[in-house]
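Peer 1: Output the structure for:
(2 chains)
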There are 2 protein chains.
Amino acid sequence: MVVIGAGFGGLACTRRLAGAPVDVVLVDRHNYHLFTPLLYQVASALLNPSEVAIPVRSILGQSGARFRMADVTGIDPERRLVLTRDGPIAYDWLVIAVGSQTAYFGKDGVRRSSFGVKVLPDALALRNRILGQLEAASRMGDPVARRRALTFVVVGGGPTGVEYAGALVELFRLVVGRDFPDLAPEELEVTLVEMGDRLLAEFPVALSEYARRRLERLGVNVRTGTAVEEYGDGGRVRLRGGAAIETDTLIWAAGVRPTRLAETVPFARARSGRLEIDEFLRVRGEKRVFAIGDVAQVEQDGRPLPQMAPPAMQAGRQVADNILRALRGEAMVPFRYRDKGIMAVIGRNAGVARIGGLDLKGFVGWAGWLFVHLYYLIGFRNRLAVLARWAWYYLLYDRPIRIIARARVPDGATPIPPDDG
Amino acid sequence: MVVIGAGFGGLACTRRLAGAPVDVVLVDRHNYHLFTPLLYQVASALLNPSEVAIPVRSILGQSGARFRMADVTGIDPERRLVLTRDGPIAYDWLVIAVGSQTAYFGKDGVRRSSFGVKVLPDALALRNRILGQLEAASRMGDPVARRRALTFVVVGGGPTGVEYAGALVELFRLVVGRDFPDLAPEELEVTLVEMGDRLLAEFPVALSEYARRRLERLGVNVRTGTAVEEYGDGGRVRLRGGAAIETDTLIWAAGVRPTRLAETVPFARARSGRLEIDEFLRVRGEKRVFAIGDVAQVEQDGRPLPQMAPPAMQAGRQVADNILRALRGEAMVPFRYRDKGIMAVIGRNAGVARIGGLDLKGFVGWAGWLFVHLYYLIGFRNRLAVLARWAWYYLLYDRPIRIIARARVPDGATPIPPDDG
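Peer 2: You can find the predicted model right below:
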């Protein structure tokens, strides 16, 4: 059996299958599993890439599951083949867990020129960019160019946007005082733009308002009820209604859509572009093809499930169990998501969480967030490393990974796999 | 006064100057100081980039020295200006410490298609490449392509080539057994090519021979007295005499030459391309312009000084002292390098060192190497982090940073500074 995608869903499914005497191959275009909830901390110079990107082969270890790094280009259900750039892989059972990519809603200027926090190459580019802008601005005389260089616009008031905006002002507060004598703290501006009328729309209103107050106290300029129309090459964010913000750096965290692969497979799609599935998470019309996580349109009690790690992981494990049941001749069990809650942090000492019927905020919400994320991070070494970094950051007010670093690829070298989305 | 280059020499000079009540600006194209002796450990998946690349601004801190990230394009000694892409910087005293870059000796195919271990973008690209080749080979059927993918040729028998070849076989021994069931250990081949008749030519013959025996015992195919003529796009390393090695991955550590800037400045150059200097390390004919480190041709007792950190650091401090002496109206003191010795490691538990008249090898050489490198690494946090990684590697036989990761740059974004050598 084949699982496509080493995200939360695909990995949970593979690990569960690996416990049984079956042959399972996990396919991903990257050689690592990405712990996306902490990715914004890479993009804000707190964590190393290796602390949130864990090699799939290390995770699978001697479990019996195999890994194949390959770029999946299509699925041929007639011949039961997963098509990749390096040839086909045959399957008897297939789990599609290819996740989502950033949605630009037809805004081409945004797509071409914005930065993101969705995949590791994005986060590294964003870290390089933020630090590069501080360096560039510190040697600029022209006040207009300087202001544009020091204005950062984050679009999207969900957890990613909120967490990143908070991390960004903390980074600036730290480095501007300590490292950049040529910059004044009041020159830096972080604006968080959200189309809806409040931040963290999935949370209760009181928690949304708390998050907004915290961000504003940190110095973030929060603009709700404001939609971005387009981003021009000159560095102008046009807002609905005619207003504009001049910035060199637009960070886009405004939405996701299923990855390209979902558009090319010959299966039924919902209006969202996500694959339609039955109560066992089987792709419509297929007996042995499942879809889980962000790529699947799972409705429960009349609402789509949130696109987060817990539903994907639960679905992954359940699909594995159902496949094993079917192999034993037993009936499959319908999927039902047990709500694990939602949470977000807003800078140091402040967080919001809704777990069960319980609303948490402030220090308790923050500490809960830390604990949960550390708990779900894979690998003892990574937990230790991240804990050490958090302690360092907390006690010394430091975000240490402040290097502008990229890999160089020799012109003439044979291509290595793509690192986009 | 202006110091160009935040390597070992420029940084030592700047820190010494910063202690005096003078205005000093350090200029570098990167925002970090690179601890190059450990760079090969980044390229072999043991260390994180942030552990060997330390932000210059963090190092300078509140010392009083300023930093400017800029790409220096020339020097105008008439008008006393350092020219950069972002405008000129005026100097009264100038220290040129721009180091060296990889020398390809006119071999264009090597320049275009080889990998290096000289700068951070090189090391990251090389790590990505090595891991990418293992992934690619594990899904290859064609035995010829597979063999070429799993053959790695390191050129250059100096400390960098020796240390990297040793690290590479250790990485392979580790991951092939544990992570790649589809690869057999005997399929991987690491060849170290050296033009001269022995490795580590700067060391006594007995230590060279020890290093060779150790490498061969680790499984490295050592070929001394073998010169590389050219590297073709088809993946063929042509050797002098007609032999050839087929490989997708050529790692070039065969020599350095002064950086481009040395060619453009209107100062006298030695046959090596390095700047000619007087006994105070002043560029010939200039009273207030100094050159230190790899870019300066410093002879002592009839031999050029080795291109390593210790001579550069000593020169940097002495130039700073001489400038301060001149400002006080005192006479300058001629430069004389106090030999700190040379050392190299060859995998786990084995090293060679020549310190004073003392030759060390084996475990003692290895332990000495660890201690010295940890001691000279800048910053408590980095020492702690590197020590923790070394302990992890030593006790668990693990090289944990096995991720293939690059930064993505949006098409339409305004350019950020170049990351080449």
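Peer 1: Might you report the residue contacts of residue A:344?
Peer 2: Contacts for residue A:344 (Cβ atoms under 8 Å, 6 or more residues apart in numbering or on different chains) come out as A:159, A:162-163, A:200, A:203, A:211, A:351-353, A:369. In this view, the C-beta of every residue, glycine as well, is placed from N, C-alpha and C.
Peer 1: just the residues you listed now: which is nearest residue B:113?
Peer 2: Relative to residue B:113, the closest of the contacts of residue A:344 is residue A:163; by Cβ to Cβ it sits at 41.7 Å.
Peer 1: quick one: furthest residue from the center of chain A?
Peer 2: residue A:329 (37.7 Å; Cα atoms, centre = their mean).
Peer 1: Quick check: which element contains that residue?
Peer 2: Under the criterion DSSP states H and E, no helix or strand holds residue A:329.
Peer 1: Chain B versus that one, what's the distance?
Peer 2: Residue A:329 sits 31 Å away from chain B, going by Cβ to the nearest Cβ, to the nearest Å.
Peer 1: ok so, going back, Throw the contacts of residue A:344 into JSON lines and include pLDDT, thanks.
Peer 2: Below are these laid out as JSON lines (pLDDT from 0 to 100):
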{"residue": "A:159", "pLDDT": "96"}
{"residue": "A:162", "pLDDT": "98"}
{"residue": "A:163", "pLDDT": "97"}
{"residue": "A:200", "pLDDT": "97"}
{"residue": "A:203", "pLDDT": "96"}
{"residue": "A:211", "pLDDT": "97"}
{"residue": "A:351", "pLDDT": "95"}
{"residue": "A:352", "pLDDT": "96"}
{"residue": "A:353", "pLDDT": "95"}
{"residue": "A:369", "pLDDT": "93"}
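Peer 1: What average pLDDT does stretch A:48-64 get?
Peer 2: Per-region confidence: stretch A:48-64 scores 93 on mean pLDDT.
Peer 1: again, but for stretch A:212-229
Peer 2: 97.
Peer 1: Kindly check the end-to-end length of that stretch for me.
Peer 2: 23 Å (Cα to Cα, to the nearest Å).
Peer 1: What are the buried residues along that stretch?
Peer 2: A:212, A:214-215, A:218-224, A:226, A:228 (16 or more other Cβ atoms under 10 Å in any protein chain shown).
Peer 1: Equivalent analysis for stretch A:198-217, please.
Peer 2: In stretch A:198-217, counting by 16+ other Cβ under 10 Å, buried: A:198-200, A:203, A:207-212, A:214-215.
Peer 1: Then stretch A:135-142?
Peer 2: So for stretch A:135-142, counting by 16+ other Cβ under 10 Å, buried means A:135-138, A:140.
Peer 1: Give me the subset of these lying in helices.
Peer 2: When DSSP state H defines the helices, the subset of these inside them is A:135-138.
Peer 1: residues in the stretch 151-300 of chain A within reach of chain B, list them.
Peer 2: Residues of the stretch 151-300 of chain A lying close to chain B (Cβ under 8 Å from any Cβ of the partner chain) are A:175, A:178-182, A:233, A:235, A:248.
Peer 1: thinking residue A:298 is in contact with residue A:336, fair?
Peer 2: No. Using Cβ atoms under 8 Å, residue A:298 is not in contact with residue A:336; the gap is 10.0 Å.
Peer 1: Just want to know which of the two has more residues nearby.
Peer 2: Comparing residue A:298 with residue A:336 by other Cβ atoms under 10 Å in any protein chain shown, the one with more neighbours is residue A:298, at 26 against 11.
Peer 1: distance of the more buried one from residue A:12?
Peer 2: Distance, residue A:298 to residue A:12, by Cβ to Cβ, to the nearest Å: 15 Å.
Peer 1: how far away is residue A:170 from residue A:163?
Peer 2: In terms of Cβ to Cβ, residue A:170 sits 11 Å off from residue A:163.
Peer 1: who has more neighbours, those two?
Peer 2: More crowded of residue A:170 and residue A:163, by other Cβ under 10 Å: residue A:163, with 26 against 19.
Peer 1: how about that one, secondary structure?
Peer 2: helix (DSSP: H, G, I helix; E, B strand; the rest coil).
Peer 1: what's the burial count for the closest residue to it other than its chain neighbours?
Peer 2: Ranked by Cβ to Cβ, 6 or more residues apart in numbering or on different chains and with sequence neighbours excluded, the top spatial neighbour of residue A:163 is residue A:40, at 5.2 Å. When neighbours are counted by other Cβ under 10 Å, residue A:40 registers 27.
Peer 1: can you check residue A:326 too?
Peer 2: By other Cβ under 10 Å, neighbour count at residue A:326 equals 15.
Peer 1: Now do it against residue A:312, distance only.
Peer 2: Distance from residue A:326 to residue A:312, by Cβ to Cβ: 21 Å.
Peer 1: From the chain's centroid, how far away is whichever helix or strand residue A:223 is part of?
Peer 2: Using DSSP H and E, residue A:223 sits in strand A:221-224. Strand A:221-224 sits 22 Å away from the centroid of its parent chain (Cα atoms, centre = their mean, to the nearest Å).
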